[in-house]
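Trainee: the following block contains a protein sequence and its predicted model.
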Amino acid sequence: MSKTPAVGFCTRLGLVVSLLSPALPAVAETAEVASAEDDASCEFFYGYREKIADAKRTRIDSNLFNNLQGKTIRHIQYNTMPVFDKDDPEENNALYLFLNKLHVNTRPHVIATQLLFKEGEPLDIKKIQESERILRKRAYLTNAYIVPVQVCAGQVDLMVVTQDSWALEPQFSVSKESEGTNSGLAISDGNILGSGNSLTIGYEQTTERNLVTYDFKSPHVFNSQIATRLYYADTSDGHDVIVDVAHPFYSLATPWSAGFYTQDVTLDQPIRHMDAEINEFSYQRMYNEVFYGKATDVQDTHTQRWLIGFANEEDNFFATPETLQPIPENRKSVYSWVEYQYLANRFGVFKNIYQIQRPEDIAIGSNLAVRFGYGGTLFDNPDDVYRLLVDYTYTRDIDERHILESGFNFDGAYHTRLEKGNSRIWGTNIAYHYFDDDKRRWYVGFEYEVGQDLAQHEELTVGDITGLRGYPSDYQRGDQRYVFTIERRYFSDIHIFNLLRLGAVVFFDMGKAWGLEQYGNSPTLSNVGIGLRLSSSKVKIGNVVHIDVATPTSAKNGLDKYQLTIGAQQKF
């Protein structure tokens with residue numbers, strides 16, 4: 001006789017398993033389940049996983065599977081929860097329940113195809129954890145986790161719990177920067193009929209251009225591991241077209257990857273310095289790439305990969321009626337390349353690092369990517385060209401009260417005959433987080449970059465969103481740049497209408513850009529300020545609204561006393 005588990009389980013997303021409950025929560029769909037005879041050794045799993053907001057620590061990893069490694073996975077069930085939780089008194093109201101009816105939940109088979117394990121396989125804790133990370137990356141989910149619900153002598157039943165983000169929405173955005181106000185309107189469905197696919201049609205007006213955009217994304221076409229993006233923007237000064245189709249390295253153990261990417265963008269590029277526009281030119285950037293990669297070394301501790309590919313990069317520049325200075329020379333690089341990747345297989349789940357009261361998966365240890373390319377005149381290059389790209393990051397967590405992040409990057413090209421066009425930039429960064437408790441943090445960040453033979457649009461700048469919030473955009477320019485930041489951050493428990501999370505920050509910025517003679521002396525800039533952070537708990541992870549007010553404390557002649565910046569960022 002087949003057995004229907006009756007598990008003590010609370011449907012609220014923050015709780016995983018609570019005390020006795022007579023029945024399993026409503027499950028939209030169950031994966032194919034083979035009938036199983038009653039097993040006297042089976043017991044319901046009565047563990048507990050607290051709500052993220054209730055956790056009084058920063059690291060929130062789960063240990064529910066510690067004693068289950070190697071047991072055979074008997075059943076997998078799916079609980080796809082709606083945007084608003086009817087078991088939460090704050091959300092059990094007519095408006096929110098009506099919005100739930102308008103929303104189509106993610107289909108369980110969409111979730112099932114992304115898991116790294118199947119029924120009948122031995123349970124592997126690392127595959128469970130990585131499956132959770134894969135699901136939490138999806139824009140159509142606000143949270144995801146996997147729990148054991150019934151444990152037998154040699155078998156285990158699992159439940160995959162996901163909560164949808166609000167997907168169908170009209171979007172209105174306003175951002176305030178030093179050079180003006182940007183605004184936009186869009187209609188977006190981030191989870192079309194529960195398929196995980198998204199489509200956005202929008203209009204945006206900025207100080208530089210107006211544009212109408214069409215953007216389709218599918219992270220898993222036809223429930224496969226193929227990801228696709230089709231993007232087109234019709235702008236007042238050109239266009240932007242992206243086609244991206246790839247079988248990515250879906251997981252650390254994925255054996256191969258392949259794909260192609262093409263982008264063709266044309267726009268007017270304004271050049272600003274000292275709160276004034278000093279030049280403008282039209283810029284066309286074309287990039288095409290095909291690649292194939294293979295994971296050559298997959299261990300419990302790390303993964304190593306090798307990739308090969310072929311790329312075509314073209315930069316073309318044209319004068320406009322607003323052009324006041326010479327424009328950069330056209331550049332072309334066609335080359336084959338080889339890339340090496342090293343990825344550490346260690347992660348931690350944290351909260352209140354860069355998001356507000358959300359689970360954040362942070363890679364711990366070293367990650368490295370090095371790409372070397374070469375192309376000769378046979379590829380229609382004007383001369384031999386060499387390309388080198390390096391990206392290295394290292395993250396360490398210490399005593400659950402500290403996180404140290406560091407990185408190094410290099411992006412450069414060398415043409416054997418061209419005097420110009422050999423632009424190179426290398427940079428390093430370090431960030432330190434100190435946790436007083438689960439809400440109060442100190443953040444210290446430092447970035448330093450050096451460039452060589454940079455075209456005017458590649459020059460390094462500081463001001464406004466580039467790191468010094470008390471100064472206008474691109475206030476200083478040069479071929480060297482540093483920014484130092486100290487922030488006192490507060491992640492509150494305030495949950496406005498159970499929709500918006502609230503945070504606050506007090507900050508100090510210091511830095512400058514210098515090194516190019518034509519821009520003269522560059523004094524050190526500094527500012528202090530305060531800000532609010534707003535993050536919706538019902539939409540995709542990653543959008544944090546920044547409202548910052550800063551005042552310059554040095555080199556402030558001719559500047560407004562206060563600089564207001566409003567915009568959406570990916571981090572706190």
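Mentor: Looks like it arrived, so ask away.
Trainee: only the buried residues of the lengthiest helix in the chain, if you could.
Mentor: The helix spanning the most residues in the chain, taking DSSP state H as the definition, is helix 125-136. By neighbour count on 16 or more other CB atoms under 10 Å, the buried set for helix 125-136 is 126-136. C-beta: built from backbone N, CA, C; applies to glycine.
Trainee: what's the answer for stretch 337-350, then?
Mentor: If you call a residue buried by 16+ other CB under 10 Å, then stretch 337-350 has these buried ones: 337, 339, 341-350.
Trainee: do me a favour and average the pLDDT over the longest helix of the chain.
Mentor: Helix 125-136 shows a mean pLDDT of 96 in the predicted model.
Trainee: send me stretch 320-336 as PDB with only the CA atoms.
Mentor: What follows is stretch 320-336 as a C-alpha-only set of coordinates in PDB (Å, rounded to 0.1, in the frame of the first residue of the first chain):
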ATOM      1  CA  THR A 320      28.200  64.700 -33.700                       C
ATOM      2  CA  PRO A 321      27.100  68.400 -33.700                       C
ATOM      3  CA  GLU A 322      28.100  68.500 -30.000                       C
ATOM      4  CA  THR A 323      31.700  67.200 -30.600                       C
ATOM      5  CA  LEU A 324      34.200  69.700 -29.200                       C
ATOM      6  CA  GLN A 325      37.400  67.600 -29.100                       C
ATOM      7  CA  PRO A 326      39.100  64.900 -31.200                       C
ATOM      8  CA  ILE A 327      37.300  61.600 -31.100                       C
ATOM      9  CA  PRO A 328      39.000  58.200 -30.400                       C
ATOM     10  CA  GLU A 329      40.300  56.100 -33.300                       C
ATOM     11  CA  ASN A 330      38.400  53.100 -34.500                       C
ATOM     12  CA  ARG A 331      39.500  49.700 -33.200                       C
ATOM     13  CA  LYS A 332      39.100  46.200 -34.300                       C
ATOM     14  CA  SER A 333      40.200  42.900 -32.700                       C
ATOM     15  CA  VAL A 334      39.400  39.500 -34.000                       C
ATOM     16  CA  TYR A 335      41.000  36.700 -32.100                       C
ATOM     17  CA  SER A 336      40.800  33.100 -30.800                       C
END
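Trainee: so where's the stretch 51-200 of the chain uncertain?
Mentor: Judged against pLDDT under 70, the low-scoring parts of the stretch 51-200 of the chain cover residues 170-184.
Trainee: list just the nearest of the buried residues of stretch 337-350 to Ala258.
Mentor: When the buried residues of stretch 337-350 are compared for distance to Ala258 (CB to CB), Glu339 wins out at 13.2 Å.
Trainee: who are the contact partners of the closest one?
Mentor: When the contact criterion is CB atoms under 8 Å, 6 or more residues apart in numbering, the partners of Glu339 are 293, 306-309, 369-372.
Trainee: at 10 Å instead, please
Mentor: For Glu339, the contacting residues are 291, 293, 305-309, 369-373, 389, by CB atoms under 10 Å, 6 or more residues apart in numbering.
Trainee: cool, and Trp166?
Mentor: The neighbourhood of Trp166, defined by CB under 10 Å, 6+ apart, consists of 82-84, 99-100, 102-103, 140, 142, 190-191, 499, 536-540.
Trainee: show me the contacts for Val221.
Mentor: Taking CB under 10 Å, 6+ apart as the criterion, Val221 is in contact with 196-197, 227-228, 245, 247.
Trainee: top of those by neighbour count?
Mentor: Scoring these on neighbours with other CB atoms under 10 Å, the highest-scoring entry is Gly196 at 25 neighbours.
Trainee: give me the nearest residue to that one, chain neighbours excluded.
Mentor: Val110 (4.9 Å; CB to CB, 6 or more residues apart in numbering).
Trainee: Asp164 is in contact with the one you found, correct?
Mentor: No - taking CB atoms under 10 Å as the contact criterion, Val110 and Asp164 are not neighbours in contact, 11.0 Å apart.
Trainee: about what we covered before: what subset of the contacts of Trp166 is buried?
Mentor: By neighbour count, with 16+ other CB under 10 Å, the contacts of Trp166 hold 82-84, 99-100, 103, 140, 142, 190-191, 536-540 as buried.
Trainee: tell me which two in these are the farthest apart.
Mentor: Pairwise distances across the buried ones among the contacts of Trp166 (CB to CB) peak at 17.5 Å, for the pair Asn100 and Lys540.
Trainee: now, which of the contacts of Val221 sits nearest Gly511?
Mentor: Checking those against Gly511 by CB to CB gives Ala227 as the nearest, at 36.9 Å.
Trainee: kindly state the beta-bridge partners for the closest one.
Mentor: As for beta bridges, Ala227 partners with Ala246 under DSSP bridges.
Trainee: hmm, back to that, can you redo the contacts of Val221 as TSV with distance to Gln480?
Mentor: Below are the contacts of Val221 laid out as TSV (distance: CB to CB, whole Å):
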residue	distance to Gln480
Gly196	44
Asn197	44
Ala227	38
Thr228	40
Val245	39
His247	40
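Trainee: from these, which is closest to Ala186?
Mentor: In terms of CB to CB, no member of the contacts of Val221 lies closer to Ala186 than Asn197, at 16.4 Å.
Trainee: my read: that closest one touches Ser218, true?
Mentor: Yes - because the distance of 4.4 Å satisfies CB under 10 Å, Asn197 is recorded as touching Ser218.
Trainee: joint contacts of the two?
Mentor: Counting by CB under 10 Å, 6+ apart, the common neighbours of Asn197 and Ser218 are Thr228.
Trainee: ok, Ile496 touching Leu502?
Mentor: Yes - Ile496 is in contact with Leu502 according to CB under 10 Å; the separation is 6.6 Å.
Trainee: quick one: which of those two has more around it?
Mentor: A count of neighbours by other CB under 10 Å puts Leu502 above the other of Ile496 and Leu502, at 17 against 11.
Trainee: I'd like the distance between the residue lying closest to the more buried one once chain neighbours are set aside and Leu95.
Mentor: In space, and not counting its chain neighbours, Leu502 is closest to Ile494: 4.3 Å by CB to CB, 6+ apart. For Ile494, the distance to Leu95 (CB to CB, to the nearest Å) stands at 20 Å.
Trainee: which of the buried residues of stretch 337-350 fall in strands?
Mentor: Per DSSP state E, strands hold the following members of the buried residues of stretch 337-350: 337, 339, 341-344, 347-350.
Trainee: okay, now the unreliable bits of the stretch 351-500 of the chain?
Mentor: Per-residue confidence for the stretch 351-500 of the chain (pLDDT under 70) gives no ranges below the cut-off.
Trainee: which residues are in contact with Gly556?
Mentor: Careful, residue 556 is Lys and not Gly. Contacts for Lys556 were tallied using CB under 10 Å, 6+ apart; they are 470-471, 525-527.
Trainee: most neighbours among these, please name it.
Mentor: Neighbour count (other CB under 10 Å) singles out Gly470 as the most crowded of the contacts of Lys556, with 31 neighbours.
Trainee: helix, strand, or coil at that residue?
Mentor: The three-state assignment at Gly470 reads coil, by DSSP: H, G, I helix; E, B strand; the rest coil.
Trainee: isn't it up against Val528?
Mentor: Yes - the pair Gly470 and Val528 passes the contact test of CB under 10 Å, sitting 7.4 Å apart.
Trainee: what do those two both touch?
Mentor: Any residue near both Gly470 and Val528 by CB under 10 Å, 6+ apart counts here, and that gives 507-509, 549-553.
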